[in-house]
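# Got a sequence here, can you build the structure:
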Amino acid sequence: MATIGHVKAAPQFTSKHALGVACGLASGVWLGAAEAPTKLVNAGFSPFAISLCMVAGVFTARWTFPTLLKGTSYVFTDLAEKKHLIVWAILAGAIWAVANTLTVFAIRDVGLTVAFPLWNTNTLVGLVWGQLLFNELKGADGKNILKVVLGALAILAGAILLGFGTIHGDPNSSHRTVHGIVAAAGASLLWGTMYIPYRKAYISGMNPLSFVTVFTVGELVTVFALVLAFDGGMSAPIFHSAQTRPLLFWLFLGGFAWVIGDLFQQFATKYLGIGRGIPLSNTNQLWGLAWGALVFGELAAADSRHKIMVVCGSIIMIVGVLGISAAVATEREQLSMKDAVKRECRRYGLPYEHIVEVNEGSESDEHPSKRTWWDYCIVAAAVSVFIWLGKDAALPMLKIDYRWVAVLVGVLLGATIVSGSALWKKTRFS
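Numbering: from 1, shown residues only. The predicted structure follows:
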């Protein structure tokens, strides 16, 4: 009935938009939390080692969640129908791995609350790619264009102001600071470009759960190659140092948290596009600030002027989020985005009507989600890894406010319940 007449179509667009906004905001909550374990670089661990451990956690989670939600049979059937996207998923994973390693260098050299706004300039990179390659905002009215563009700029401006608000004193040498800024800028460029394979996959009808399953192969292979090339090869301390074992649990946990955030980000990109989805997920700046300032005390020595800058930056970012959230795609914009879908369908011989149905989140149950014995083995293996690491886990030698940890973990769970249940009710995670 939703396809009969224009009057019935509008609520469908609004519902899809609201779902994408919820996923984008939930993504920001989790992605902000996922960076907290990288504070371990301050304990003297190699950024390559930190990245490898996080990606190992990512690898574990990215096979576990699709198995839990859809089952491996569904995932492999989806991949078999869209074989041309496998190479794009691996490429996206490789880009992510390099960018993530750069962020660890950035955090080491300029701090978590400073590095975040620098690499979140990927908002503008993604906005440009979405417009150039996927017809995003084409056909949109002037108000929507203004909301999206100004909203993205406001989020970026708020992030920059937050960054300046958290710079106080001179904890790093100028040489090291330059290195940190360059690393964060490189991560921004790579992460903004990484969304090209994301969007290409979703306008071709691939389920985000299937995409991330292959995505993680590119991640793990790339980061392992980085360790072999730049961190001592098989003699790297990460493979032999007894000091790393007690901290592996926390890095795996950080990778696990990143996966949850990235899954929400993938669904936001699917239902909103790059131009809207990335800025919303980049509210991770606020949550990264919360973890850095409230949990690790990064603003304890800040004066009132810097604290005012942090408050103003947060308000500006929230205004940007409200602007993008209000920019519901018009029917003309939806039609121009469907032109991009037609182009992909013609190029790869895909069934257009089915792909449109999938993109609207109303996929028919052609591949029912069945669990097999190996699905349960995968989940059991993942749980076993965390139990094995957790029994030897030791708290890092960092000052941590556990009251705020409890509050922020509560926010994580709340965001997951709200957005996850909405995804399940409306799309069955399609």
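# who's in contact with the closest residue to residue 93 other than its chain neighbours?
With CB to CB, 6 or more residues apart in numbering as the criterion, residue 93 has its nearest non-adjacent residue at 2.6 Å, and that residue is residue 218. All C-beta spots, glycine's among them, are computed from the backbone N, C-alpha and C. Contacts here follow CB atoms under 8 Å, 6 or more residues apart in numbering; on that basis residue 218 touches 89, 90, 91, 92, 93, 94, 95, 96, 97.
# How many residues are close by the fifth one?
Neighbouring residues of residue 93 were enumerated by other CB atoms under 10 Å; the total is 27.
# Test my guess that it contacts residue 219.
Yes. Using CB atoms under 8 Å, residue 93 is in contact with residue 219, at 4.0 Å.
# Just the buried positions in stretch 395-405, please.
By 16 or more other CB atoms under 10 Å, the buried positions in stretch 395-405 come out as residue 404.
# what comes into contact with the helix or strand encompassing residue 377?
Per DSSP states H and E, residue 377 falls inside helix 373-390. Residues outside helix 373-390 that contact it (CB under 8 Å, 6+ apart): 60-61, 63-64, 67-68, 71-72, 248-249, 252-253, 256.
# now, the most widely separated pair of the residues you listed?
Across the contacts of helix 373-390, no pair lies farther apart than 71 and 248, at 28.8 Å, counting by CB to CB.
# pLDDT value on residue 40, please?
In this model, residue 40 is scored at 59, pLDDT.
# How about residue 404?
pLDDT at residue 404 comes out at 92.
# residues contacting it?
Neighbours of residue 404 in contact, by CB under 8 Å, 6+ apart: 290, 294, 295.
# How far does the helix or strand it falls within sit from its chain's centre?
With secondary structure defined by DSSP H and E, residue 404 is part of helix 402-427. On the basis of CA atoms, centre = their mean, to the nearest Å, helix 402-427 sits 15 Å off its chain's mean C-alpha point.
# and what of stretch 58-69?
For stretch 58-69, the distance to the chain centre is 15 Å (CA atoms, centre = their mean).
# outside of that stretch, which residues touch it?
Contacts for stretch 58-69 (CB under 8 Å, 6+ apart): 72, 75, 209-210, 212-213, 215-216, 219-220, 252, 255-256, 258-260, 263, 369, 375, 378-379, 382, 385-386, 429.
# Where does pLDDT dip in the stretch 151-300 of the chain?
163, 165-176, 240-243 (pLDDT under 70).
# Check the stretch 1-150 of the chain too.
1-14, 38-45, 112-114, 116.
# so who does the nearest residue to residue 46 once chain neighbours are set aside touch?
In space, and not counting its chain neighbours, residue 46 is closest to residue 231: 5.4 Å by CB to CB, 6+ apart. By CB under 8 Å, 6+ apart, the contact list for residue 231 reads 46, 48, 49, 237, 238.
# Now with 7 Å, please.
46, 48, 49 (CB atoms under 7 Å, 6 or more residues apart in numbering).
# The last one in helix, strand or coil?
So that's residue 49. Of the three states, residue 49 takes helix according to DSSP: H, G, I helix; E, B strand; the rest coil.
# Check the gap between it and residue 238 for me.
Residue 49 is 4 Å from residue 238, where distance means CB to CB, to the nearest Å.
# Now for these two: what residues contact both?
residue 244.
# the more surrounded of these two?
Taking neighbours as other CB under 10 Å, residue 49 and residue 238 compare with residue 49 leading, 24 against 18.
# Okay, the more buried one and residue 24: tell me how far apart.
31 Å.
# before we move on, the earlier item: could you check which helix or strand contains the residue nearest to residue 93?
Using DSSP H and E, residue 218 falls in helix 208-230.
# Okay, angle between that helix and helix 402-427 too, please.
130 degrees (axes from the mean of the first three to the mean of the last three CA atoms, to 10 degrees).
# Mind listing what's buried along helix 208-230?
208-220, 222-223, 226-227.
# That one: how far from the chain's middle?
Per CA atoms, centre = their mean, the centroid offset for helix 208-230 relative to its chain is 15 Å.
# Just the CA atoms of it, as PDB, please.
Output in PDB follows, covering the C-alpha atoms of helix 208-230 (Å, rounded to 0.1, in the frame of the first residue of the first chain):
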ATOM      1  CA  PRO A 208      25.500  -4.200   5.900                       C
ATOM      2  CA  LEU A 209      26.000  -7.400   7.900                       C
ATOM      3  CA  SER A 210      27.300  -9.200   4.800                       C
ATOM      4  CA  PHE A 211      29.500  -6.300   3.900                       C
ATOM      5  CA  VAL A 212      31.200  -6.000   7.200                       C
ATOM      6  CA  THR A 213      31.900  -9.800   7.300                       C
ATOM      7  CA  VAL A 214      34.200  -9.400   4.200                       C
ATOM      8  CA  PHE A 215      35.300  -5.900   5.300                       C
ATOM      9  CA  THR A 216      37.100  -7.400   8.300                       C
ATOM     10  CA  VAL A 217      39.300  -9.600   6.100                       C
ATOM     11  CA  GLY A 218      40.800  -6.500   4.500                       C
ATOM     12  CA  GLU A 219      41.200  -4.900   7.900                       C
ATOM     13  CA  LEU A 220      43.000  -7.800   9.500                       C
ATOM     14  CA  VAL A 221      45.300  -8.600   6.600                       C
ATOM     15  CA  THR A 222      46.300  -5.000   6.200                       C
ATOM     16  CA  VAL A 223      47.100  -4.200   9.900                       C
ATOM     17  CA  PHE A 224      49.000  -7.500  10.200                       C
ATOM     18  CA  ALA A 225      51.100  -6.400   7.200                       C
ATOM     19  CA  LEU A 226      51.700  -3.100   8.800                       C
ATOM     20  CA  VAL A 227      53.100  -4.800  11.900                       C
ATOM     21  CA  LEU A 228      55.300  -7.000   9.900                       C
ATOM     22  CA  ALA A 229      56.600  -4.100   7.800                       C
ATOM     23  CA  PHE A 230      57.000  -1.400  10.400                       C
END
